[in-house]
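**Student:** let's see this in three dimensions:
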Amino acid sequence: MKLYKYLLITTLLVCGSCSDVLDTEPDSVITEANFFTSESDFEIFSNKFYDYFPRDGRGFVDFIWNVDNNSDNMHQFDNGNIFAFGANTVNDNPPGYDGGGWDFSRIRDVNFMLAKLDEAEISEDAKSKWSAVARFFRAYLYFDKVRKYGDVPWYNTALDETSEEIFKPRDPRATVIANILTDLDFAIANLPQDTGNKTTLDRFAALALKARITLFEGTFRKYHGLGASEDLLNQAVQAAQTIMDEGGYTLHDDGDPNQNYYNYFALHSPGTSSETILARHFDIGQNTGGHWSQRFIILQAMTGISKSLADDFLCTDGLPVSLSPLFDPDTDYDLIQDEMANRDPRMHQTIFNKDVIRLSDPDEYFNEDQVPPLNRFFPTGYVVRKFSKLDRALQVPSAADDGMPIFRLGEIYLIYAEARAELGTITQGDLDISINLLRGRVGMPDMTIAGVVRDPDSNFDGSLSEIPSVSVLIDEIRRERRVELACEGFRRDDLMRWKAGQLLTLTPLGAKFNPIIYPDAVDQNFARTNSEGFLEPYQGGTRPRLFDENKNYLYPIPPSEIGLYPNGELTQNPGW
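**Tutor:** Model prediction:
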């Protein structure tokens, strides 16, 4: 609504300093009264909602591959990520909470559109369609609130500053989730079956969001002791299975197991792939794109993949590095090309290996041996390859306009398998239509229920007392999820729902440092190692790694927001 008020004010100012009071508005003035009169008006208004989705890069920051800095998948340069360190405080600025914090202005915009739809003189079919779009985004925005704060006030009307309801207490988490699912069921029933372009909402995008939310909430409730989770997990299975059965999607496959996975994330327009359910596309020529992601990921990533994630890539025999005869921990860590030999091909499609060119003309940035960089901006020795492009033209500031997937079939397969496993109903057939299709794309052996073995290095076997133990099958499905979705921003949410926050307290490590390969790094702060020779990015830092089980699963509500409530209706989250 603010946009149109500003347009109105600007238009009136341009008209000149008239002394007469205008009794009627000129046709050129856009107001609430004359704008929401056609279906196209609602389409135009709702277009801004798509910017609520993440993107591959926004200016200098917000690169999708950086989101995993707040987990154990990646370690950023210098002092590290405050969320990964458990160092966020109640004084943190709300916008710093990766997306806006305790701010309901976007939800108000959605509710404003819904109110205007109720009043509009357009067909009932059009009202249903655009209400479905709005309610999808309300569900999307509220899920973000729930996963950060737990209980939040549910608003389904566009309140103004004088509305007493602004200061309503928080609604229970379960109530908000129920409202979210009601919105999504409406969206599933009323969005187009298939828009065809994969950049605007359709029924399958709503099903994908429902599958993501119900898996998250079902497992969060299960492992945090918050009540029945079976219904939510069943809904996750049903939503995922509908996409798998009816959507016509297939995994991206160019015919080369050593490139299939990487090539999907290198697509300029991921909506062109059979794997994509919904994507964001950008176009510099149409003023809908232009970001720095390719310049940063290639030249100044300011982050690196962790040893913890690197170790989770299986060997090509389907066994973990702790058990496979194809991996010798005494020697294979010494050179990255040896470490990546005989490993899941997704490893070298996610992490730069020796001899993989980063640019079409790499001499300026690589030495003769094509060693992945190790310096302050690439602090772990494991350099992110996923999402990178080889076109030098994209390294120019603001030159990249590559898009990114929002929902893809790979995630849906993982949701389906995990939800089935959590329910205890999974069969070998379920694995064959989900996990094993992901493995097959890269030439890895199938996962079999009879053949899974416990990794002695597992963190989900009960060895860490605060982390609930799970079956070996669920453990291996979690590994598959970590590997397949690496650098896509899912890892922290996964740790939170699995009640595995203590993994963030473990000492972060990178690759094994080889002074012969990196002679210029010897004695540099960024190349400090532990007693076994592995890079320890934060060694010597003053920020301790913490995770308080009583508070860190939720964010603190900003005190400035609590102070706005006149009678203490808004209370702080436990432990903060």
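**Student:** if I've got this straight, Ala115 is in a helix?
**Tutor:** Yes: assessed by DSSP: H, G, I helix; E, B strand; the rest coil, Ala115 belongs to a helix.
**Student:** contact partners for the closest residue to it other than its chain neighbours?
**Tutor:** With sequence-adjacent residues excluded and distances taken as C-beta to C-beta, 6 or more residues apart in numbering, Ala115 is closest to Ala158, at 5.4 Å. Every C-beta, even on glycine, is put in place using the N, C-alpha and C of the backbone. Contacts of Ala158 were listed using C-beta atoms under 8 Å, 6 or more residues apart in numbering, and they are Met1, Arg108, Asp109, Asn111, Phe112, Leu114, Ala115.
**Student:** ok, and the most crowded of these?
**Tutor:** Comparing the contacts of Ala158 on neighbour count, Asp109 comes out first with 23 neighbours (neighbours: other C-beta atoms under 10 Å).
**Student:** quick one, strands of this protein?
**Tutor:** Under the criterion DSSP state E, the chain carries strands at the ranges 74-76, 276-280, 303-305, 404-408.
**Student:** just name the most buried of these.
**Tutor:** With neighbours defined by mean count of other C-beta atoms under 10 Å, none of those is more surrounded on average than strand 303-305, at a mean of 29.
**Student:** list of residues touching it?
**Tutor:** Defining contact as C-beta under 8 Å, 6+ apart, one finds that strand 303-305 is touched by 65-66, 69, 73-77, 350-351, 378-384, 486-487, 510, 537.
**Student:** mind telling me the two of the contacts of Ala158 farthest from one another?
**Tutor:** Largest separation among the contacts of Ala158 by C-beta to C-beta: Met1 and Leu114, giving 12.5 Å.
**Student:** point out where the stretch 51-200 of the chain drops to low pLDDT.
**Tutor:** Under the criterion pLDDT under 70, the flagged ranges of the stretch 51-200 of the chain are 55-62, 91-100.
**Student:** one more time with 50, if that's ok
**Tutor:** Low-confidence segments of the stretch 51-200 of the chain, defined by pLDDT under 50, span residues 94-99.
**Student:** now the helices for it?
**Tutor:** Taking DSSP state H, counting those that start in this stretch, the helices of the stretch 51-200 of the chain run over residues 105-119, 124-149, 173-190.
**Student:** want to throw these into TSV with distance to Lys499?
**Tutor:** What follows is those, written out as TSV (distance: least, C-beta to C-beta, whole Å):
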stretch	distance to Lys499
helix 105-119	28
helix 124-149	14
helix 173-190	15
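**Student:** Glu418 is nearest to which of those helices?
**Tutor:** Comparing the helices of the stretch 51-200 of the chain by their distance to Glu418 (C-beta to C-beta), the top pick is helix 124-149, with 16.7 Å.
**Student:** find the residue at the geometric middle of the protein.
**Tutor:** In the chain, the C-alpha nearest the mean C-alpha coordinate belongs to Gly489, at 3.3 Å (C-alpha atoms, centre = their mean).
**Student:** surely Ala187 touches Phe137?
**Tutor:** No: distance between Ala187 and Phe137: 9.1 Å, which falls outside the contact criterion (C-beta atoms under 8 Å).
**Student:** more neighbours: which of the two?
**Tutor:** Residue environment comparison for Ala187 versus Phe137 gives the larger neighbour count to Ala187, 28 against 24, counting by other C-beta under 10 Å.
**Student:** quick one: that one from Gln235, how far?
**Tutor:** Summarising the geometry, the distance separating Ala187 from Gln235, computed by C-beta to C-beta, to the nearest Å, is 14 Å.
**Student:** related to what we said a few turns ago, would you turn the strands of the chain into a markdown table with distance to Arg479?
**Tutor:** Putting these into a markdown table (distance: least, C-beta to C-beta, whole Å) gives the following:
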| stretch | distance to Arg479 |
| --- | --- |
| strand 74-76 | 17 |
| strand 276-280 | 24 |
| strand 303-305 | 15 |
| strand 404-408 | 19 |
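**Student:** what about the helices in the stretch 251-400 of the chain?
**Tutor:** Applying DSSP H, counting those that start in this stretch to the stretch 251-400 of the chain gives helices spanning 260-265, 293-299, 307-311, 336-339, 346-350.
**Student:** I misspoke; the intended subject was the stretch 401-550 of the chain.
**Tutor:** Counting by DSSP H, counting those that start in this stretch, the helices of the stretch 401-550 of the chain are 409-423, 428-432, 435-441, 472-484, 491-497.
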